[in-house]
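**Student:** Predicted model and sequence below, questions to follow.
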Amino acid sequence: MSITAEKIVPITKTDRERLVPFLIRELKPKGKLITPFNLISLPVILLGLVLLVIRFAKGLGSITNLSQEYPWGLWIGFDVITGVAFAGGAYVITFMVYVLGMKKYHPIARVTILNGFLAYVFYAGALLLDLGRPWNVVNPIIGNSFGVSSVLFLVAWHFMLYMIAAFVEFSPAVAEWLGMRRLRRLLGSLTLGAVIVGITLSMLHQSGLGALYLMAKPKIHPLWYSEFIPILFFVSSIFAGLSMVIFEGTLSQRVFGSQVSSEHHSSHDDIVRSLAKVCGYTMLVYMFLKELDLVHGKEWTYLNTGMGHWYLVETTGFVLIPCIMFLRCTATGSIRMCRVASILTLIGIVLNRLNVSIIAFKWYEPVRYVPSWMEIEITLAVIFAEILAFRWIVNRMPVLREPPAWARESHRLEREDVRKERVIWKSSSI
Amino acid sequence: MDRRDALKTMGLLGASTLLGDSAAAEERASDAEFFGVLVDTTRCAGCRNCEFVCAETNGLPDPPDDDSVLEQERKPSVTQWSVVNRYETDRGEVFVKRQCMHCNHPACASACLTKAMLKTGRGPVIWRESKCMGCRFCMISCPFDIPKFEYNSPVPKIQKCRMCWERLAEGEQPACVEECPEEALTFGPRRELLDIARRRIYKSPDRYLNHIYGEHETGGTGWLYLAAVSFEQLGFRADLGTEPYPELTKNFLYSVPVVFALMPLFLLGVSGATKRADESEGIPDEHHG
């Protein structure tokens, strides 16, 4: 024990003096500046910023096609509602790793949490761009006007709290990057609590995003409106999130391949296959619920209409088919099939969320909402900004690569300490 | 008797939603009864006086003077809270004034996360500038599509009829009611308006359809309509149902605290269970490094 106490030294003054130059050094870009990705993403982000200046100076109408008939467009329907569904992987993976103790998924836990956290910061953050009177955004927070009967009130609070929880879950990586050993230990001990709060919050706001549309009953096509919409959104966020993990993992392996730990490399295919299985079975549950809703609401009469065919495209082409592929690829072991299935699933989620929020929303209106190029531009800017933030962090912090030796060491010792304490406690009780 | 009890309950419900606002607190009458307006479309001559007086009272730009605007169906807008439409029906031309319905259980107010939309104790549903953050969830939720948003302003407001709630507080009628030359609009406590409406239907069953639009629709609205023809011919939706819209989110909202209380306990339990299994494996683990 005395050896370990020496090893985990508190941060010294010299460390602290070293921290500032370290941060300055780290803030600079690493790697080549002129890459195809940078050449595309940076102009898009800059143009997005210019458009945002116009938007805040002249109002939402200056750059969006929003109207009195369609108050919520691409920024809510895609950025927020679809983006948050894609971020669902974080709560599912943390549930499997930290609550169920499935060590197999540990190598992807950090990157998934980081993705989830950034998705919330950027995509849920995009909500602020859409607010007409963003200076009043503090009203539901500081307590002078709590609209507790509002689903949006809950969603807003849950977003905020979840961002904090996800940051706490990720924070050990920050501490490892900064070389703060004591802090790392403290933050590590908070992980399980943050995970449990995070899962609970996720369940509620994933379903809450669906519940936003409950009062839009006469405005949403009966094939998409359902009193079970919160449950459908929650269940679909599980396979949406995991499909994103599979898809994003494939990309990360290519882009950041050099950083990926050997442990991760060897287990990656196995992880993908297992996640595919979870996706496949969750999609079966989802399809059962969809079916139940269809029969329960006697909505099959709509199936042979234009909207009905569109519904069948979504549910067959992008739920049923990827579901079969997921279940088959776990049997045949084809990783490529898993990846294709995950992409189809993601498209299906985009379709479903856009259907509820835009396409099947007021399907009867003569003048339909189509996003302006500027709305799409800003959505792209938000996505690129998120990817840049992700890259910046992955290149600096131990996300894909292994934590520094001292962190691994202290983590192992921590676990041993706990075990020893339990053994002592047990033996003393005897 | 049932109806009176129901109204009392609704009044109490309305009053109980008024938390923390001083202006509204004054209105929290103990036996609050919602006020409303009865619109008799068989009397309306389409003079559009109500449109002009509405604009004048509320500082909105003058509506177009030209009656050619009647050729198209209009909706209330950011600059015009009240519009009159002309419909060709089986029983000839019918004029219908449209504005906020001032629901007994407004979806917009229950959707509002800052309580900017508020059902006041007397009945008007009002919008409060200092609270609103411009999320437009009220517009998504309103079954009548009434709240309008100023898309072309950096300091946008939600625009909708407020049933002249300041005038009501001073014991006056809404401006449009006062100025209606045909007495097509009647202001009063909702219960009395329903009585008047019924009396008119009983007296002249040939003149009226036996349906008061707003009596039950969306759980009851402050503005009630009488007509000679089916309301669908007059641009009203017949598929809104009689359930108050906030009821649609009630189950979800009730389940939130339950999930919040029980889910963490469940997860703690599960994680505890896996930890213990982990521990028993832990000892050989240590030996293998």
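**Tutor:** Received, thanks.
**Student:** phi, psi of the residue in the stretch 101-250 of chain B that chain A sits nearest to?
**Tutor:** Relative to chain A, the nearest point of the stretch 101-250 of chain B is B:Gly134 (2.3 Å; C-beta to the nearest C-beta). The way it works is simple: take the backbone N, C-alpha and C, and place the C-beta from them, glycine included. Here is the backbone geometry of B:Gly134 (degrees, to the nearest 10): phi 70, psi 30.
**Student:** Tell me, how many residues neighbour it?
**Tutor:** Look at B:Gly134: counted by other C-beta atoms under 10 Å in any protein chain shown, it has 22 neighbours.
**Student:** Not counting sequence-adjacent ones, nearest residue to the closest residue to chain B within chain A?
**Tutor:** Proximity of chain A to chain B (C-beta to the nearest C-beta) peaks at A:Gly132, 2.3 Å away. Nearest residue to A:Gly132, sequence neighbours excluded (C-beta to C-beta, 6 or more residues apart in numbering or on different chains): B:Gly134, at 2.3 Å.
**Student:** Run through the residues that contact that neighbour.
**Tutor:** Applying C-beta atoms under 8 Å, 6 or more residues apart in numbering or on different chains to B:Gly134 gives the contacts A:Leu131, A:Gly132, A:Arg133, A:Pro134, A:Asn136, B:Phe149, B:Pro156, B:Ile158.
**Student:** any weak-confidence spans in chain A?
**Tutor:** A:1-17, A:143, A:261-265, A:409-430 (pLDDT under 70).
**Student:** In it, which helix is the longest?
**Tutor:** When chain A is scanned for its longest helix (criterion: DSSP state H), the result is helix A:262-296.
**Student:** quick revisit: now, which of the contacts of B:Gly134 sits nearest B:Cys50?
**Tutor:** Using C-beta to C-beta, B:Ile158 is the member of the contacts of B:Gly134 that lies nearest B:Cys50, at 21.1 Å.
**Student:** Give the buried residues for the longest helix of chain A.
**Tutor:** Residues of helix A:262-296 classed as buried under the neighbour-count rule (16 or more other C-beta atoms under 10 Å in any protein chain shown) are A:264, A:267-268, A:271-284, A:286-287, A:289-290, A:293-294.
**Student:** I'd like to know which elements it is packed against.
**Tutor:** With contacts taken as 3 or more C-beta pairs under 8 Å, 6 or more residues apart in numbering or on different chains; DSSP states H and E, helix A:262-296 sits against helix A:106-119, helix A:229-255, helix A:321-332, helix A:335-354.
**Student:** right, and the helix or strand after that helix?
**Tutor:** Next helix or strand after helix A:262-296 toward the C-terminus (DSSP states H and E): helix A:306-312.
**Student:** Buried ones in that next one, by neighbour count?
**Tutor:** By 16+ other C-beta under 10 Å, the buried positions in helix A:306-312 come out as A:Met307, A:Gly308, A:Trp310, A:Tyr311.
**Student:** Would you mind naming what in the stretch 151-289 of chain B lies close to chain A?
**Tutor:** Residues of the stretch 151-289 of chain B lying near chain A by C-beta under 8 Å from any C-beta of the partner chain: B:151-156, B:237, B:239-241, B:245-246, B:248-249, B:251-253, B:256, B:259-260, B:263-264, B:267-268, B:270-271, B:274-275, B:277-279, B:282-283, B:286.
**Student:** returning to what we had before: rebuild the helices and strands packed on helix A:262-296 as CSV, extending it with mean neighbour count and distance to chain B.
**Tutor:** Formatted as CSV, these follow (neighbours: other C-beta atoms under 10 Å in any protein chain shown; distance: least, C-beta to the nearest C-beta, whole Å):
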stretch, mean neighbour count, distance to chain B
helix A:106-119, 25, 13
helix A:229-255, 23, 5
helix A:321-332, 20, 23
helix A:335-354, 21, 15
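**Student:** Distance to B:Glu51 added to those helices, as CSV?
**Tutor:** Below are these laid out as CSV (distance: least, C-beta to C-beta, whole Å):
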stretch, distance to B:Glu51
helix A:106-119, 48
helix A:229-255, 39
helix A:321-332, 54
helix A:335-354, 38
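**Student:** Quick check: which of the ones you listed is nearest to A:His158?
**Tutor:** Across these, closest to A:His158 is helix A:229-255 (C-beta to C-beta), at 12.5 Å.
**Student:** and the closest one, how far out from the chain's middle?
**Tutor:** Remark: helix A:229-255 is offset 8 Å from the chain centroid, using C-alpha atoms, centre = their mean, to the nearest Å.
**Student:** And that helix, what does it pack against?
**Tutor:** Checking 3+ C-beta pairs under 8 Å, 6+ apart, helix A:229-255 ends up next to helix A:83-86, helix A:89-94, helix A:106-119, helix A:181-211, helix A:262-296, helix A:335-354.
**Student:** one more time with 6 Å, if that's ok
**Tutor:** Packing contacts for helix A:229-255, counted by 3 or more C-beta pairs under 6 Å, 6 or more residues apart in numbering or on different chains; DSSP states H and E, involve helix A:83-86, helix A:89-94, helix A:181-211, helix A:262-296, helix A:335-354.
**Student:** What is the neighbour count of the closest residue to A:Phe153 other than its chain neighbours?
**Tutor:** The shortest distance from A:Phe153 to any non-neighbouring residue, by C-beta to C-beta, 6+ apart, is to B:Leu113 (3.7 Å). Neighbour count for B:Leu113, taken as other C-beta under 10 Å: 28.
**Student:** I am finished for the moment; much appreciated.
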